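**Q** Kindly return the folded structure for what I paste below:
(chains A and B)
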Amino acid sequence: MRLIELSPPGAKIVTGTLTFTPEDIIRFAEKFDPQPFHVDAEAAKDYVFGGLCASGWHTCAGWMKMFLAYWQTEVERLESEGKTAPKLGPSPGFRKLQWLKPVYAGDSITYAVTMLDARPLASRPGTWINTTLNEGVNQNGEPVMRYEGSVLEFEVEQP
Amino acid sequence: MEESYAFEDFEAGRSFPLATRIVTAAEIVEFASEFDPQPMHLTEQAGKESILGGLSASGWHTASLFMRMMFDGWLSRSSSEGSPGIDVMEWKKPVLAGDTLSGRSIVLETRLLRTRPGIGLIRFRHEVENQRGELVMRGENPIMMRLRTPQGAKL
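**A** Next up, the predicted model:
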């Protein structure tokens, strides 16, 4: 079964919610993005964001984390029904990533994925490229992150 | 004292080197375990069996490493106010355990923000290469930057 059969274009799937504790925000930022507003709640007050907030890369990695958790459950569900789950591969990149609002310490972000388009990859027979709209909203319903992701999909033998 | 950069220093065409970074197997697995636990990011064997050809970093790990390379290379000495997003990012080749990454941020264009006095927006193209000179990641994005002298700015 193909991903586009499982997730028709336009149908939004909520994958899960991730809470960004100050400890998680600082731990990620100290490794990858130690700008003052990501590592120091006091210093953050002097910047545009106005408070300790997650690195945008942390917000994105959170989308991936929640998608994979959802996907694992979905694969298990399909297999338990005797179906062959789509075989997803790596991603060649993304477009139009917007960090719409800061993710502040304590925020809970609910992530979603919506299929936009699937097309065969001319350079690699038996491979498709799926484009999806990937989003995150905070506990007040405000969008915080949105981008168009892409993921490869390989043809699988039907049982 | 090292040079510090404000909006006025970012002229179109100017290139800022990223810090060099060696990517270890341990950190690839650590990042993937928390955020992207797909087999090719977790074990050498699964990586070899995938189209990536070996234990390879999650694209989000590569992007995060790029962020740190940019921070250490020049961003930490700038008046950055963060970024509203990424126009495009391409993961061109796998980043494999043991790779040494380097690269640059190149200024594409700059403009002042009407809505935020004293801050301008700079659009960059970022390039990350491995030790063989192969482009592994390419991106374009705007970064907000404080002006050194807001009053004297030309609109």
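**Q** gap between the nearest residue to A:Ile13 once chain neighbours are set aside and B:Ser83?
**A** Nearest non-adjacent residue to A:Ile13, counting by CB to CB, 6 or more residues apart in numbering or on different chains: A:Val113, 5.3 Å away. All C-beta atoms are positioned from the backbone trio N, CA, C, and that covers glycine. According to CB to CB, to the nearest Å, A:Val113 stands 23 Å off from B:Ser83.
**Q** Of those two, which one has the most company?
**A** Neighbours were counted for A:Val113 and for B:Ser83 using other CB atoms under 10 Å in any protein chain shown; A:Val113 has more, 22 against 18.
**Q** Pull up the residues of chain A that are close to chain B.
**A** Within chain A, the positions near chain B by CB under 8 Å from any CB of the partner chain are A:28, A:31-35, A:37, A:47-49, A:55-57, A:60-62, A:64-65, A:68, A:89-99, A:147, A:152.
**Q** Give me the buried entries from those.
**A** Buried subset of these (neighbour count, 16 or more other CB atoms under 10 Å in any protein chain shown): A:28, A:31-35, A:37, A:47, A:49, A:55-57, A:60-62, A:64-65, A:68, A:89-91, A:93-94, A:97-99, A:147, A:152.
**Q** So which of those residues sit within helices?
**A** The helices, defined by DSSP state H, take in A:28, A:31-32, A:37, A:56-57, A:60-62, A:64-65, A:68 from those.
**Q** Dump the residues you listed to TSV, plus pLDDT.
**A** Converted to TSV, those look like this (pLDDT from 0 to 100):
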residue	pLDDT
A:Phe28	98
A:Lys31	98
A:Phe32	98
A:Phe37	92
A:Gly56	97
A:Trp57	98
A:Cys60	98
A:Ala61	98
A:Gly62	98
A:Met64	98
A:Lys65	98
A:Leu68	97
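**Q** now what about the helix or strand harbouring A:Gly16, what contacts it?
**A** Taking DSSP states H and E as the definition, A:Gly16 sits inside strand A:12-19. With contact meaning CB atoms under 8 Å, 6 or more residues apart in numbering or on different chains, strand A:12-19 is reached by A:7, A:62-63, A:65-67, A:69-70, A:106-114, A:135.
**Q** Just give me the residue closest to the centre of the chain.
**A** Unless you meant another one, I'm taking chain A. Residue closest to the average C-alpha location in chain A (CA atoms, centre = their mean): A:Trp63, at 2.6 Å.
**Q** Please refer instead to chain B.
**A** Nearest to chain B centroid, counting by CA atoms, centre = their mean: B:Phe66, 3.5 Å.
**Q** can you tell me how far B:Glu81 sits from chain A?
**A** Separation of B:Glu81 from chain A (CB to the nearest CB, to the nearest Å): 5 Å.
**Q** So that residue sits against B:Ile122, correct?
**A** No. B:Glu81 is beyond contact range of B:Ile122, at 10.8 Å (criterion: CB atoms under 8 Å).
**Q** And the helix or strand hosting the residue nearest to A:Ile13, what does it pack against?
**A** Following DSSP H and E, one finds A:Val113 within strand A:108-120. Contact analysis of strand A:108-120 by 3 or more CB pairs under 8 Å, 6 or more residues apart in numbering or on different chains; DSSP states H and E lists helix A:3-6, strand A:12-19, helix A:56-80, strand A:127-137, strand A:143-154 as its packing neighbours.
**Q** Comparing those by mean pLDDT, which bottoms out?
**A** Among the helices and strands packed on strand A:108-120, helix A:3-6 carries the lowest mean pLDDT, a mean of 92.
**Q** Please spell out which residues along it are buried.
**A** Buried residues in helix A:3-6 (16+ other CB under 10 Å): A:3-4.
**Q** CA atoms of it as PDB?
**A** What follows is helix A:3-6, C-alpha atoms only, in PDB (Å, rounded to 0.1, in the frame of the first residue of the first chain):
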ATOM      1  CA  LEU A   3       1.300   6.400   1.600                       C
ATOM      2  CA  ILE A   4      -1.000   8.400  -0.600                       C
ATOM      3  CA  GLU A   5      -3.600   5.600  -0.300                       C
ATOM      4  CA  LEU A   6      -3.200   5.600   3.500                       C
END
